[in-house]
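Participant: Output the structure for:
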Amino acid sequence: MNKSQNSGFSAAEKEAMKARARELKLQEKFGNDKAKGEKDVLATIDKLNGSDRQMAEQLHKIVSETAPDLLPKTMYGMPGYANREGKNILFFQAAQKFGTRHASLGFSDLAKLDDGNMWPSSFGIIKIGPAEEKKIKALIKKALG
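Facilitator: Coordinates of the predicted model:
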C-alpha cells in the first residue's frame, strides 16, 4: 500500500487542505479586504467548468445582491462568503471538486437557519432557475437573521 492510500485522504481532499492553508495565509496578509476576496473568489469560479461554473457565477451574483455586506472569500478552494469578522456563513462546493453527482450550497453553524431540533445546513444543487434563486435568497436572508 502506498503512502497516499494509507493516509486516507483523496487527492481532492489533499488539494482542499492545501487550498485552505493558502487561504489562511492570504487572510493573515490581507485581512477582510473585500476587493481582494472577491478577486480570489472570481478566479476560483473561473477555474470551474460547465454547470458548476454557471451555478457558482449565479450564486455569486445572488449573494452580492442579497447580502452585499458579506465578504467573498474562498473556503477550501471553493467560493465562500463571510461576515465582517471573517467567519464563513455560506459556501459553494462544486460537483467536479469531489466527483459528486451534484454541487452543494452549504451554511456554517453561524447561519441562523435553526428550525426546532433539526434543520438542513447543506443543499444539493443541479441547476439554479428562478425558483431556486428565490429559495437561495430566502435562505441567505434567514441565515443572516
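Participant: contacts and neighbour counts: CA atoms only from here.
Facilitator: Noted.
Participant: hang on, G86 packs against N32?
Facilitator: Yes: judged on Cα atoms under 8 Å, G86 makes contact with N32 at a distance of 6.2 Å.
Participant: Just want to know which of those two has more residues nearby.
Facilitator: Legend: neighbour count by other Cα atoms under 10 Å for G86 and N32, higher for N32 (20 against 16).
Participant: Next, show the common contact partners of G86 and N32.
Facilitator: Counting by Cα atoms under 8 Å, 6 or more residues apart in numbering, the residues touching both G86 and N32 are L71.
Participant: Now the residue positioned nearest the centre of the chain: which helix or strand?
Facilitator: The C-alpha lying nearest the average C-alpha coordinate of the chain belongs to F91 (Cα atoms, centre = their mean; 2.0 Å). Counting by DSSP states H and E, the element that carries F91 is strand 88-93.
Participant: so where's this protein shaky on pLDDT?
Facilitator: 1-7, 26-31 (pLDDT under 70).
Participant: what ranges do the helices span in it?
Facilitator: 3-7, 11-30, 34-46, 50-66, 95-98, 130-143 (DSSP state H).
Participant: May I see the ones you listed organised as JSON lines, with mean neighbour count added?
Facilitator: Shown next, in JSON lines, are the helices of the chain (neighbours: other Cα atoms under 10 Å):
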{"stretch": "helix 3-7", "mean neighbour count": "9"}
{"stretch": "helix 11-30", "mean neighbour count": "15"}
{"stretch": "helix 34-46", "mean neighbour count": "18"}
{"stretch": "helix 50-66", "mean neighbour count": "18"}
{"stretch": "helix 95-98", "mean neighbour count": "17"}
{"stretch": "helix 130-143", "mean neighbour count": "14"}
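Participant: Dump the ones you listed to a markdown table, plus distance to Y76.
Facilitator: Formatted as a markdown table, the helices of the chain follow (distance: least, Cα to Cα, whole Å):
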| stretch | distance to Y76 |
| --- | --- |
| helix 3-7 | 19 |
| helix 11-30 | 5 |
| helix 34-46 | 11 |
| helix 50-66 | 15 |
| helix 95-98 | 10 |
| helix 130-143 | 20 |
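Participant: wait, which of those is closest to S122?
Facilitator: Comparing those against S122 with Cα to Cα, the closest turns out to be helix 130-143 (10.8 Å).
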